[in-house]
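Trainee: Sharing a sequence plus its predicted fold:
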Amino acid sequence: MGTSAPLLGEPLPIELMNTVWGDRDGVHDALDGPSGAEAWLRAVLPRIEPLTAADLDGLTADDAEDLARRLRALRDALRRLAAEATGDPRPAAAAPVRDLAAAVAVVNEAAGAAPRWSALTWAPGGTPARSVRAGGRAPAAAVSAVAEETVALFGRPDRLRLRACLAPGCVLYFLKDHPRREWCSTACGNRVRAARHYRRRRRPAS
């Protein structure tokens, strides 16, 4: 079963933020249990070095619980950092983590939870290549990889392009990759335009 979270092709930390998402029925959590957390991780697995499908296939029930707990904690911290960076005014998007220092501590702890290092492979007659290795169990290694990308995202000017989608009912974030982009997705943009059109048609003639 696939993840219920929208995957918009954003940087991995933003994809994790967006495991909290909204629709007409309210706000939902794609990481609301071990199966949801594993489904999300499998969906983004090709983007997480050096994790493989075999690592996830070997998860025990306790591992799956640990993974869900770690991902939710990092996700909630990320949403607090995103709210700080964007001045997010949306009450429905507020993270359970209220304190900025606490959110930063969660990210740093997650980033250091599993050692990661680069390794060079070079067989005779072949081409040298870089690979990434990680120590620790799969849940910690996976969350550590996302946390490392988080440090890079917020530690660079890219954070200035981070936006909260202000379409009605939306609680997602996105990276503004075009000067004209104002919404997380075409669907949100269409919803805003439809609402504007409806308001204009209902406005009494002067």
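Mentor: Okay, I see it.

Trainee: Please make it C-alpha for all contacts and neighbour counts, starting now.
Mentor: OK.

Trainee: Could you give the average pLDDT over stretch 76-84?
Mentor: For stretch 76-84, mean pLDDT is 98.

Trainee: From Arg133, how far off is Trp117?
Mentor: Using Cα to Cα, to the nearest Å, Trp117 is found at 5 Å from Arg133.

Trainee: now do Pro168
Mentor: From Pro168 over to Arg133 the distance is 42 Å, taken as Cα to Cα.

Trainee: Equivalent analysis for Asn108, please.
Mentor: Going from Asn108 to Arg133 by Cα to Cα gives 19 Å.

Trainee: re earlier: which of Trp117 and Arg133 has more residues huddled nearby?
Mentor: Between Trp117 and Arg133, counted using other Cα atoms under 10 Å, the more crowded position is Arg133 (14 against 10).

Trainee: Where does the more buried one sit, in terms of helix or strand?
Mentor: Arg133 is part of strand 129-134 when elements are defined by DSSP states H and E.

Trainee: again with Trp40
Mentor: Here Trp40 is assigned to helix 34-44, by DSSP H and E.

Trainee: and if you look at Trp117?
Mentor: Assigned by DSSP H and E, Trp117 falls in strand 116-121.

Trainee: for the helix holding Trp40, packing partners?
Mentor: Under the contact definition 3 or more Cα pairs under 8 Å, 6 or more residues apart in numbering; DSSP states H and E, helix 34-44 sits against helix 53-57, helix 61-86.
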